[in-house]
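Engineer: Here is my input; please provide its structure:
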Amino acid sequence: MSAKTVYDVIVVGSGASGGVAAYALAVRGLKVLCLEAGPMIEPHRDFHNHKLPYKWPYRGKGKPGKYGPLPQGMEWKINEWTENLYTVPQNDPYALAPGSKFTWTRLRAVGGRTLLWGRESGRFGPLDFKPKSLQDGFGEDWPITYEDLAPYYDKVETLIGVAGGAEEVYNSPASKNIMPAFRPRCGEWLIKKGAAKLGIKAVSFPLAVLSKPYDNRLACHYCGACNFGCDTASRFSTLEVLFPKLQKMPNFTLRPNAAVHRVLIDNSTGKARGVSFIDTANRQEYEVEGKAVVLGASMVESIRILFNSHTRDFPQGLANSSGTLGRHLMEHVAFNAIEGYFPKLAGRPTTNDDGPGANSLYIPRYNYGKKSSKFLRGYRLTFETGCGMGPGPGANLPGFGSAYKKKIKELYPAGVTIDGYGEGLPFASNYVEIDPDGLTDRYGIPQVRFHTNAEYDHAFAMRDEMYGQMEEILKASGAEILPYEKKNPYPLGSVTHEAGGARMGADPKNSVLDQWNRCHDIQNLLVVDAASFTSHPEKSITLTIMALALRASDHLAEEIRLDNV
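Structural biologist: Okay, here's the model as predicted:
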């Protein structure tokens, strides 16, 4: 009988955090097992990025009622292009406490949510890591500084390929390893000029999309379909960039269809000794052993695993001596966009404005030194213009017949939308727990229940200022604004930027993780996804997730080399 394999590190998850951690550990020569709850993805089979709406039976929207009632913010994610990738909530429900809303986006497949992410790759700035001491006294500081993470931002940008500009903006550092930015569309230039009249700067939007060939990957061919997958690996995903390299390494093993249930603890040492998982094909439970365990399954899943791993020493969840596990959940302040059109662009010839699947310019936070008495911190704005897959702003106007069609065609190339993200605040009252009523997922693993509310005074005040500022920018740019309704702030999770719940901190009494993403209570157990976040600035979080995962993995590899694990 052969001896049982003991891995140096078991990594749970294969997306932005798990995939990067597995790669960082394997290239250091460690014996790594990566467990992914979903299947392997074949882009040529599973992506439909070049399929146009009229080629789908239901124009891409799916058969009415097929997906059930989708939570707010998920209606644009699950459709005929992506239904084979996302988990449909009615097929695998989670629980909500009375009065709570949470939009939990699950993508169980090798590559995780990097398969369909927005690709924004901006860095957090120095103030973002010290919001309590350097901004306004609210919340907690991270146990690390921007200077601690900056070298890992450099490494991640080199690894994934980022296009953007080198222009520095206060507290929004530019990428250091970049390729040329994508050229803005006509309407973006108009927004840039209009914002400049107001003293507001628009700069290149950093995107993990290749503007030139890089690392044996082709440059973007401007199909604009990044949210449906990429058939040329021009936008970064761990599936297409990291796993082809990993699978050539003899010290790396990938096991898909492995839904991790709990972390296993050695009772004699108090350390993590491995994990238990359900094989989603045969529904059998298995155990694997490792010297260290790294959770990078995404925020909610990593927290769920820790709660389900409770022991006699940790009855309220593994590594939860602080009582903060699952608490201080955060998400961007977000709401509906304002739509309009540029009269000077109306009636111009139709052009292909798809581009790299996102805007080429954006407006970083600019309210430093001009703090509001009604809300803390600030926001950034993005805008999209030009010809796209939809019919444009004319379709939202009332009408019928040939005159109506003519109006749609006239305004189609002139459309503009503007929206933004504001900083979300960490409240202990926004939390997740294991459902006390016994709800389980399709594999019998105890499921979560959310106690979350995004409609608080700070969010409403920030929303109101953002609406006013967006209107002012549009008017200064020469745009006509279409009628719109002010919507309440979207639920936590709605823009797929949820964070917190196992936050980093210097004090083990009010945090779960230390400065190296190790659990204070169990130092060979790491959490490297967005659960580790201490604050949630207005920037997108994925680049920071990857930089933290790389930094934590480098430190863990060195500790293993020194036999300190």
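
Engineer: Spatially nearest residue to residue 306 (excluding sequence neighbours)?
Structural biologist: residue 318 (4.7 Å; Cβ to Cβ, 6 or more residues apart in numbering). (Glycine included, C-beta is placed from N, CA and C.)

Engineer: you'd agree that neighbour is up against residue 263?
Structural biologist: Yes - the criterion here is Cβ atoms under 8 Å, and residue 318 meets it with residue 263 at 5.8 Å.

Engineer: which residues do those two both contact?
Structural biologist: 306, 309, 525 (Cβ atoms under 8 Å, 6 or more residues apart in numbering).

Engineer: So which of those wins on neighbours?
Structural biologist: residue 306 (27 neighbours; other Cβ atoms under 10 Å).

Engineer: ok, now which ones touch that one?
Structural biologist: With Cβ under 8 Å, 6+ apart, residue 306 has these contacts: 263, 295, 317-320, 325, 502, 527.

Engineer: Next one: it, what pLDDT does it get?
Structural biologist: Here, the pLDDT recorded for residue 306 equals 98.

Engineer: Which strand or helix spans residue 278?
Structural biologist: strand 272-279 (DSSP states H and E).

Engineer: what's the answer for residue 468, then?
Structural biologist: helix 457-476.

Engineer: hang on, the earlier thing: what's the burial count for the residue nearest to residue 306?
Structural biologist: 26.

Engineer: Going forward, count from 11.
Structural biologist: Shifting the count to begin at 11 puts that one at residue 328.

Engineer: Now it: phi and psi?
Structural biologist: phi -60, psi 140 (degrees, to the nearest 10).

Engineer: And it, how close does it get to residue 168?
Structural biologist: Separation of residue 328 from residue 168 (Cβ to Cβ, to the nearest Å) stands at 35 Å.

Engineer: Could you do residue 375 as well?
Structural biologist: For residue 375, the distance to residue 168 (Cβ to Cβ) stands at 26 Å.

Engineer: can you check residue 148 too?
Structural biologist: 35 Å.

Engineer: same deal with residue 212?
Structural biologist: Taken as Cβ to Cβ, the span from residue 212 to residue 168 is 26 Å.

Engineer: circling back: in the helix or strand just after the strand holding residue 288, what counts as buried?
Structural biologist: The helix or strand immediately downstream of strand 282-289 is strand 295-305, counting by DSSP H and E. Of the residues in strand 295-305, 298-305 count as buried by neighbour count, 16 or more other Cβ atoms under 10 Å.

Engineer: Hmm, residue 456 is touching residue 318, no?
Structural biologist: Yes - with contacts counted by Cβ under 8 Å, residue 456 reaches residue 318, the gap being 5.5 Å.

Engineer: Looking at these two now, which is surrounded by more residues?
Structural biologist: Just comparing residue 456 and residue 318: by other Cβ under 10 Å the higher neighbour count belongs to residue 318, 19 against 16.

Engineer: Residue 212 and residue 168: which is more packed in?
Structural biologist: Neighbour tally, residue 212 and residue 168, criterion other Cβ under 10 Å: the higher count belongs to residue 212, 25 against 15.

Engineer: partners of the helix-or-strand element of the chain with minimal mean pLDDT in the sheet?
Structural biologist: Lowest on mean pLDDT, DSSP states H and E among the helices and strands of the chain sits strand 188-189, with a mean of 88. Strand 188-189 pairs in its sheet with strand 172-173 (parallel), by DSSP bridges.

Engineer: coming back round to it: closest to residue 110 among the buried residues of strand 295-305?
Structural biologist: Nearest to residue 110 among the buried residues of strand 295-305 is residue 305, at 24.4 Å by Cβ to Cβ.

Engineer: who are the neighbours in contact with that closest one?
Structural biologist: 22-23, 273, 312, 315-316, 535-539, 541.

Engineer: residues bridging contact with residue 456 and residue 318, i.e. touching both?
Structural biologist: With Cβ under 8 Å, 6+ apart as the test, residue 456 and residue 318 both reach residue 444.

Engineer: re earlier: just put the contacts of residue 316 in CSV and tack on distance to residue 529.
Structural biologist: Putting the contacts of residue 316 into CSV (distance: Cβ to Cβ, whole Å) gives the following:
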residue, distance to residue 529
273, 10
305, 9
327, 11
328, 8
329, 4
330, 9
335, 10
512, 8
537, 7
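
Engineer: now for the residues you listed, which pair is the farthest apart?
Structural biologist: Farthest apart among those by Cβ to Cβ are 305 and 330. That separation is 13.6 Å.

Engineer: what about residue 291, neighbour count?
Structural biologist: Residue 291: 10 neighbours (other Cβ under 10 Å).

Engineer: for the stretch 411-560 of the chain, what spans make up the helices?
Structural biologist: Ranges of helices in the stretch 411-560 of the chain, per DSSP state H, counting those that start in this stretch, are 411-421, 467-486, 552-571.

Engineer: what comes into contact with the shortest one?
Structural biologist: Identification of contacts with helix 411-421 by Cβ under 8 Å, 6+ apart yields 351, 356-357, 401-405, 407, 409.

Engineer: got a list of what the residue nearest to residue 242 when sequence neighbours are not counted touches?
Structural biologist: In space, and not counting its chain neighbours, residue 242 is closest to residue 228: 4.5 Å by Cβ to Cβ, 6+ apart. Residues in contact with residue 228 (Cβ under 8 Å, 6+ apart) are 220, 242-244.
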